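# Have a look at this prediction, sequence included:
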Amino acid sequence: MNAQTLGVVFFPAFDWAISPTHPEREERLLYTRDQIIEEGLLDMPAIREYKPKIATYRDLERVHVGVPDIASLIADAHLISAGGAIAAADAVMSKEVKRAFAMVRPPGHHAMRIVHGTRGFCTINIEAIMVEYLRKVYGIGKVAIIDTDVHHGDGTQDIFYHDPETLFISFHQDGRTLYPGTGFTHEMGSPNAFGTTINIPLPPGTADRGLHEVLDHLIMPVLEDFQPDIIINSAGQDNHYSDPLANMAITAQGYARLADTLKADIAVLEGGYSIEDALPYVNVGIVLAMAGMDYSKVMEPDISSCPSQSSSVTYYIQDIIKERQSMWRKRMNMQREAIMKFGQFWERKRTIYYDDDGIDEEQKERAYLCPQCSGYVITETVAQSAFHRKTACIGMIPRRACSTCQKAAYEAVHKAKKQGQYQYYLVQNKYEDRIEKL
Amino acid sequence: MFLGLDVGGTFTDGVAAAGGKILSMVKTPTTPDNLLNCILNTVDKVVEDTGSKVFERICLSTTIVTNAIVEGNIDQVGLCIMPGPGMNINEILPAAPYIVSGYINHRGREVVQPKKEEVLKACRHFSSCNVFAVSGKFAVRNPCSELAVMEWIQEEAGPMHISLGGKVSGSSNFLRRTNSAYYNGAVWRQFNRFATAIEEALRVRGIQGPVFVLKADGGTLPLAVAREYPVEAVFTGPAASTIGILGMNDTGISGVSLDIGGTTTDIALWQKGRPLFAKKGAKVNGYVTGVRGFRLHSVGIGGDSLVSWDRHVLKVGPVRCGPAMAAGGPRPTVTDAMVVAGLIDFGSYGLAIEAMKQLIMGEEGPEEMAARVLDEAAKGICRAIADVLGEQAAEPLYSVEEIVNGSEFALRNIIGVGGGAAGLVPLVAKKMKVPYTLPANGMVANAFGAAVAKPTLDITLRADTAEGYYTVAELGVKKKLPCASFSLQDACQLAEQHLSELSRLSGVFPDETEVIQAEEFNMIRGFRTVGKIITCRVQVKPGILRQGKEELH
């Protein structure tokens, strides 16, 4: 019993903000720190605090392709935040602790594979960087990421959309009512990884009761089926009833019980902007639950103002659970159908908006439906802001690519270069763990 | 002339110092059953030696509090806590608490008021207690609940003493403050009895001079103040020697100091001539408290450490089986090796040779064996130093600037004191490839430290400009802010004013103060700055008294 129960990496980045009045500012984790220190949480024998590491550009490029490169798009704070997640992973993998919670900022789950700037307060995806680090350093295979932020984790979804070894489950306030406006049930992964993306859009007003129904009847059984090597929680805290940016009704008790049920190996803080009324209590609840300690006395002082869940919301949630359960059961058939329908290539076109930087990106993605591996992907991207226009053609070779896909990806990007439509030509070679500028 | 006394496990040391120099040093055996005896014996010897009965200050570093706790010679405390919602700490306190409602939130707002009926019930519940302790979550942000509960207890039960968490420790940690307040109450009567006996005995002997008590952070408190905060007098031994080192070395050490005693080596970290403080408080009887102290690390290697073979591995410490064989002890020790190696002159050389012979497994001679033992002991200390440096590097930091540009702790030199320093420090320094110094009177660094340690105090001022008030926990102060545009600079100035007020109340000269923590956050609500949260902590710079009178009050 040498191992302590919970490792906590606390990095509040007290000297970093997107801008002075932005929700992602110095003050965000101030009251959380005050509460955690005042409670004496970090003095508990079950809990050990870790210092974040500084992630390397190599760690970042295992996930991201920055245009023209990732270094020019980020600040030191991002390297430390990602390094915080990595420190949490190391603490768990070295068996010093059973579980870890990286309570760090800036967050990451809206950052997609290709990066032009900052969107949804995120520039690099710290969980995804940690996941690929776990694979590279510790040889982890199957990973499940449960995104419990109120906003759809569209960045994480994008990064693992073609990866059958990563199960991504996100519940969030319905995209028709909240940023980023995605995360609908039909987004289930590209045919190469069909079914390993599960979106559970919840109606505004969902309370602890609805959340736990989703958890008990949908998320936990799916995890049981998928049998991941490791479970990651993107632990956003903006489903809280007091959050200023969303409309849900989850309490600190609801979040603590979620952490207790999910028993994630590693949790990484995402959003949560009710910095005084929610975060101090939610974080204390999650830490206690993850450490296997009594969290029953954690409660917001203004808990009486939490709305209760309406019956229409309850029925709606029950329907979603049923629908998702049946889709999960039918996923193999649906994958076969999708591959039949698309033939050799799966394609999609979409527009991605970088709200923090005012960039509009047009993206054309083309994934090869390879019978041998999860297939290479060619992405053409055109990013336009008031000042700049950046374009690139980017090939992606998956981690376990077959030799055909390794060659084909380079050929496709070389061919595009000959045509010369774009400014940058890059290949993200995950098989050889490097990025090449052609 | 300053008189310093340090009561150790084996010996009680006394030092008279003036102008930074030692005029007299004496050693008497510690009388653990009655500490008063050995303290007075030591005082008598110093008086005899110096011919003076008048001292500018008499400062005590005693184990009275530590002993009382270790031996369970403490009082039952009526512990009333106001935990509000949060972590359940009822099971992890040193005694079962009585829970009273009342809750201050992290902004210092009183969310729920304490109820008088409950406090009266608590008084009945603790009807056999003569001392009480009261502790509330976030009481350092707003003392009103603790103060109200204290008044009700005073009215109803009229105990001899009530310890308040927020006053005993100003640090922001409810659990630690609660434990501090509990132990403060638990040792209050013992300590006061001791203080009275000391004052009486000195008066009877005609010895004059204000009596001070050393604290774990190397500062000193007048006895009258220490009577209210006896828990501060726990673990003063290592602090005494750390301050002593400060007084014995002007070169500005950056690295570690090693106090090599009989059973342990105490390692302290130094930066630019100043010892580093521990980020968190000390552990008392296994319970975390808010008692501030130096960052010290103890390893079980000292002069009397047993040397033995464990299968084919030579082991040094952590066990002590009595004194060195050279001094008539039963088994080989590190000291015996130092005697054989010619590093110290102590006891019988013949018996020390005998000790080494007992350890020889092969062909080597006693000198070679002694070298091996010392090498092993030095290796053990080096490993401990590496651990301490590793811990220092792993200390969490909360800003980008500190992580990216923070300077790493540099080991530039080693300074050694204590009985085993002459023998082991040169070996340790050689292994770590840094220079070392051995101050001349390093054997009595502890008592010297007690003699010359400056009085210190520290306070934390927290201002919330949106709420329009500030608090100073240690003073139980909550006041309106003087102006709307209150800045960090104003806060530091105001904190210094309060510090000098506290100095006056405590009977110590304020001396040079310094800001040890300063942070300022803008509070944004919507897209507007609605105020600032400012925290600053100031202290009377710890250090040593050099000249005399003008430095004391």
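Nice, thanks for sending it over. It should be emphasised that the depicted structure is a prediction, and the values quoted were computed from it without experimental measurement.
# Closest approach to chain B from the stretch 201-350 of chain A, which residue is it?
Closest residue of the stretch 201-350 of chain A to chain B, CB to the nearest CB: A:Met299 (4.0 Å). (C-beta placed from N, C-alpha, C; glycine too.)
# cool, the stretch 1-150 of chain A as well?
A:Gly40 (2.9 Å).
# and that residue, what does it touch?
B:Met87, B:Ile89, B:Asn173, B:Phe174, B:Leu175, B:Arg176, B:Val288 (CB atoms under 8 Å, 6 or more residues apart in numbering or on different chains).
# And for the fourth one, the neighbour number?
In other words, B:Phe174. 28 (other CB atoms under 10 Å in any protein chain shown).
# my guess is it contacts A:Ile37, does it?
No - with contact defined as CB atoms under 8 Å, B:Phe174 does not count as touching A:Ile37 (9.1 Å).
# rewinding a little: nearest to chain A, out of the contacts of A:Gly40: which one, please.
B:Leu175 (2.9 Å).
# Wasn't that closest one part of a strand?
No - secondary structure of B:Leu175 (DSSP: H, G, I helix; E, B strand; the rest coil): helix, not part of a strand.
# Surely it and B:Val288 touch.
Yes - B:Leu175 is within contact range of B:Val288, at 6.6 Å (criterion: CB under 8 Å).
# the more surrounded of those two?
The neighbour comparison of B:Leu175 against B:Val288 (other CB under 10 Å) goes to B:Leu175, with 28 against 21.
# And the next helix or strand past the helix or strand of chain B with the lowest mean pLDDT?
Between all helices and strands in chain B, the lowest mean by mean pLDDT, DSSP states H and E belongs to helix B:64-70, at a mean of 86. For helix B:64-70, the succeeding helix or strand toward the C-terminus, using DSSP states H and E, is strand B:77-82.
# ok, that next one: who's next to it in the sheet?
strand B:98-99 (parallel), strand B:131-136 (parallel) (DSSP bridges).
# Please identify the deepest-packed of the ones you listed.
Counting by mean count of other CB atoms under 10 Å in any protein chain shown, strand B:131-136 has the highest mean neighbour count of the strands paired with strand B:77-82, with a mean of 29.
# and the closest residue to A:Ile140 other than its chain neighbours, helix, strand or coil?
In space, A:Ile140 comes closest to A:Leu134 once its chain neighbours are excluded; the distance is 4.3 Å by CB to CB, 6 or more residues apart in numbering or on different chains. Per three-state DSSP, the secondary structure class of A:Leu134 is helix.
# residues in contact with A:Leu134?
Contacts of A:Leu134 were listed using CB under 8 Å, 6+ apart, and they are A:Ala89, A:Met93, A:Ile140, A:Val143, A:Ile230.
# count of neighbours near the fourth one?
What it means is A:Val143. A:Val143 has 25 nearby residues by other CB under 10 Å.
# just to revisit the earlier point, check which helix or strand covers the residue of the stretch 201-350 of chain A closest to chain B.
Using DSSP H and E, A:Met299 falls outside every helix and strand.
# what pLDDT, on average, does stretch B:72-90 get?
In this model, stretch B:72-90 has a mean pLDDT of 94.
# Return the residues in contact with the nearest residue to A:Gly254 once chain neighbours are set aside.
Leaving aside its sequence neighbours, A:Gly254 sits nearest to A:Asp208 (CB to CB, 6+ apart; 3.4 Å). Contact analysis of A:Asp208 by CB under 8 Å, 6+ apart lists A:Ala249, A:Ile250, A:Thr251, A:Gln253, A:Gly254, A:Arg257, A:Gln309.
# quick one, what contacts the fifth one?
So that's A:Gly254. Contacts of A:Gly254 by CB under 8 Å, 6+ apart are A:Ala207, A:Asp208, A:Leu211, A:His212, A:Asn239.
# quick one: pLDDT of the second one?
The reference is to A:Asp208. Here the pLDDT value assigned to A:Asp208 is 97.
# mind checking the backbone torsions on A:Gly343?
Phi and psi for A:Gly343, reported as degrees, to the nearest 10, are phi 80, psi -130.
# Report how many residues lie close to the residue lying closest to it once chain neighbours are set aside.
The spatially closest residue to A:Gly343, leaving aside those adjacent along the chain, is A:Leu369, at 7.3 Å (CB to CB, 6+ apart). Close neighbours of A:Leu369, defined as other CB under 10 Å, add up to 17.
# isn't A:Leu369 right up against A:Ile339?
Yes - with contacts counted by CB under 8 Å, A:Leu369 reaches A:Ile339, the gap being 5.6 Å.
# Quick check: neighbours shared by the two?
Common contact partners of A:Leu369 and A:Ile339 (CB under 8 Å, 6+ apart): A:Pro191.
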